[in-house]
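Colleague: Sequence first, predicted coordinates after that:
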Amino acid sequence: MSTIDIILPAAQLEGTSATLSKWLVAIGDEVKKGDPLIELETDKVSMEICAPNAGTLSTIIFAEGEEIAVDTVLGRLDTKLTKIITSTVAVEAKKANQVVNNNPVNQKINNDQTSSDEQNSKVSSDNLSSEQLNIKADFTIDDSAQYLLGPAARRLLKSNHINPNLITGTGHQGRITRNDVRSYLQDTPKSNAALATNTPTSIHAPAARPLKGTMVKHTNMRKAIANHMVKSLLETSPHVTSVFEMDMSNIIEHRKWHKTEYTELGVKLTFTAYFLAAIVKAVKEVPQVNARFHEDELELFSDINIGVGTALGDKGLVVPVVQQVQSMNLFSIAQALSIQTEKARSGNIVPSDMKNGTFTISNHGVSGSLFATPIIINQPEVAILGIGKLEKRVSVEEISGVDTMVIKPKCYVSLSIDHRALDAHQTNLFLSHFVNVIENWGQ
């Protein structure tokens, strides 16, 4: 018995090993050169190992799921050509002849050779797939055997719009292999290939090259943010987030009527001012949210000092604190908020402006975010509120006993908590009160 090893060439593998994910053929199956035999998976890609020659799969050495190294023998092929393979080759030659039988050149093919091929073949043309016989009639073929195409070669020819007349086959009986097509694509200038095929040449992705990046040194602020995030999320607080949807119609209307009045007094009235006011009312219902967690105790505060996450572009973010919000009306909140955020954005904020926070809000929606799960920045606080992007949404409301679709300005509001201090009950109760205050503002 004449056999040939099926191996994993080192050149085909990026790393040092791969996993044999699937055998595409079984023992006893007959294959042609270039037919896919095995599917492999690495940590980056999936790939196929193809038959190095025609034959019958006689041995499987590695089973599916096993890890293999390069240059390892995976199985073996019996390379003795079978009756079916020989017959298929002969019939394909005959079919290739018939496709172009109107070409005078092709009519000169040796009749004795054709008869010999027909005698060796006992498989009818009906047993061949349309894929095996897919040879275009508008190609002028000089030698029928030269244009016998395997599936892989045929796919390459079709995808690159290549006329098989232009390629010399190196396979069995002049068969055009996948490597023949690839060699043609590499050796033929693009302009000539385009002229010969009258179709655009294929576009190849750029080859991978070593990455060369630019190192940008972390600022002290970025280092501090990183340390706070890691400490909060991984070392301190088990975070859980709950999300509600909120109708902003009433505060939009209220702001529309009072914005000019506030501006004339030198104060910018923002939605965030309304949110701080609503936080105060919700905290009064759920005081555990306005607290700090200690190993043996939960420290509750009567002062509600709200930190406001303020983005500074590429420089990072800071959290200026609006102190004692529980003692302010909406105008005072808007005024204090404007002062603190302006100090942050102008670079005039000092450490004392960021001390004594008991609760934090992140209005991430101003940058387009629909939904987020903010991390508790200021440990050992136990909660942070997130406000998403305001947008018009379709909702269903019952009007006069009839379900009616209406358009409302809405956003998502989330509360991320330290689950050591709070449970779902307090979290959802706080959000319910907060949303209720906003949705019923002025009523």
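Modeller: That came in fine, so what should we check first? Numbering: from 1, shown residues only.

Colleague: Only C-alpha atoms from now on, for both contacts and neighbour counts.
Modeller: Will do.

Colleague: Find me the pLDDT at R154, would you?
Modeller: Per-residue pLDDT puts R154 at 74.

Colleague: Confidence-wise, which helix or strand of the protein is lowest on average?
Modeller: Lowest on mean pLDDT, DSSP states H and E among the helices and strands of the chain sits helix 111-120, with a mean of 42.

Colleague: Now do the contacts for the nearest residue to G75 once chain neighbours are set aside.
Modeller: Nearest residue to G75, sequence neighbours excluded (Cα to Cα, 6 or more residues apart in numbering): I60, at 4.4 Å. Neighbouring residues of I60 by Cα atoms under 8 Å, 6 or more residues apart in numbering: I27, L74, G75, R76.

Colleague: Burial check on the second one, number of neighbours?
Modeller: Applying the criterion other Cα atoms under 10 Å, we find 19 residues in the vicinity of L74.

Colleague: secondary structure element for W441?
Modeller: Secondary structure assignment for W441, by DSSP states H and E: no helix or strand.

Colleague: Correct me if wrong: it contacts M248.
Modeller: No - using Cα atoms under 8 Å, W441 makes no contact with M248, being 9.2 Å away.

Colleague: and those two? which has more neighbours close in?
Modeller: M248 (21 against 17).

Colleague: Can you report phi and psi for the nearest residue to D353 once chain neighbours are set aside?
Modeller: Closest residue in space to D353, ignoring its immediate chain neighbours: P320 at 5.5 Å, by Cα to Cα, 6+ apart. Here is the backbone geometry of P320 (degrees, to the nearest 10): phi -70, psi 150.

Colleague: picking that back up, quick check: the residue nearest to G75 vs L37, distance?
Modeller: 11 Å (Cα to Cα, to the nearest Å).

Colleague: now D296: how far from A421?
Modeller: Counting by Cα to Cα - D296 and A421 are separated by 11 Å.

Colleague: And F371, by the same measure?
Modeller: Note on F371: its distance to A421, by Cα to Cα, is 24 Å.

Colleague: V394 too?
Modeller: Note on V394: its distance to A421, by Cα to Cα, is 36 Å.

Colleague: Helices along the stretch 201-350 of the chain, start to end?
Modeller: For the stretch 201-350 of the chain, the helices defined by DSSP state H, counting those that start in this stretch occupy 220-230, 249-264, 271-285, 330-346.

Colleague: Tell me the buried residues in the second one?
Modeller: Read it as helix 249-264. For helix 249-264, burial by neighbour count (16 or more other Cα atoms under 10 Å) applies to N250, I251, R255, Y262.

Colleague: my read: K268 touches A336, true?
Modeller: No - the criterion here is Cα under 8 Å, and K268 misses it with A336 at 10.2 Å.

Colleague: Confirm I68 sits in a helix?
Modeller: No - using DSSP: H, G, I helix; E, B strand; the rest coil, the assignment for I68 is strand, not a helix.

Colleague: Now do the same contact list for it.
Modeller: Contacts of I68 by Cα under 8 Å, 6+ apart are S17, A18, T19, L20, F62.

Colleague: Minimum pLDDT in those, which residue is that?
Modeller: S17 (64).

Colleague: gap between stretch 258-272 and the chain center?
Modeller: 43 Å (Cα atoms, centre = their mean, to the nearest Å).

Colleague: And the contacts of that stretch?
Modeller: Residues outside stretch 258-272 that contact it (Cα under 8 Å, 6+ apart) are I251, R255, F331, A334, Q335, S338, N363.

Colleague: Of the residues you listed, keep whichever come out buried.
Modeller: When burial is judged by neighbour count using 16+ other Cα under 10 Å, the buried members of these are I251, R255, F331, A334, Q335, S338, N363.

Colleague: Next, format these as CSV and append pLDDT.
Modeller: Shown next, in CSV, are the buried ones among the contacts of stretch 258-272 (pLDDT from 0 to 100):
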residue, pLDDT
I251, 97
R255, 96
F331, 96
A334, 96
Q335, 96
S338, 94
N363, 90
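
Colleague: Closest one of those to A51?
Modeller: The nearest member of the buried ones among the contacts of stretch 258-272 to A51, counting by Cα to Cα, is N363 at 59.8 Å.

Colleague: Tell me how many other residues crowd the residue nearest to that closest one when sequence neighbours are not counted.
Modeller: For N363, ignoring the flanking residues on the chain, the nearest one in space by Cα to Cα, 6+ apart is I387 at 4.7 Å. I387 is flanked by 27 other residues according to other Cα under 10 Å.
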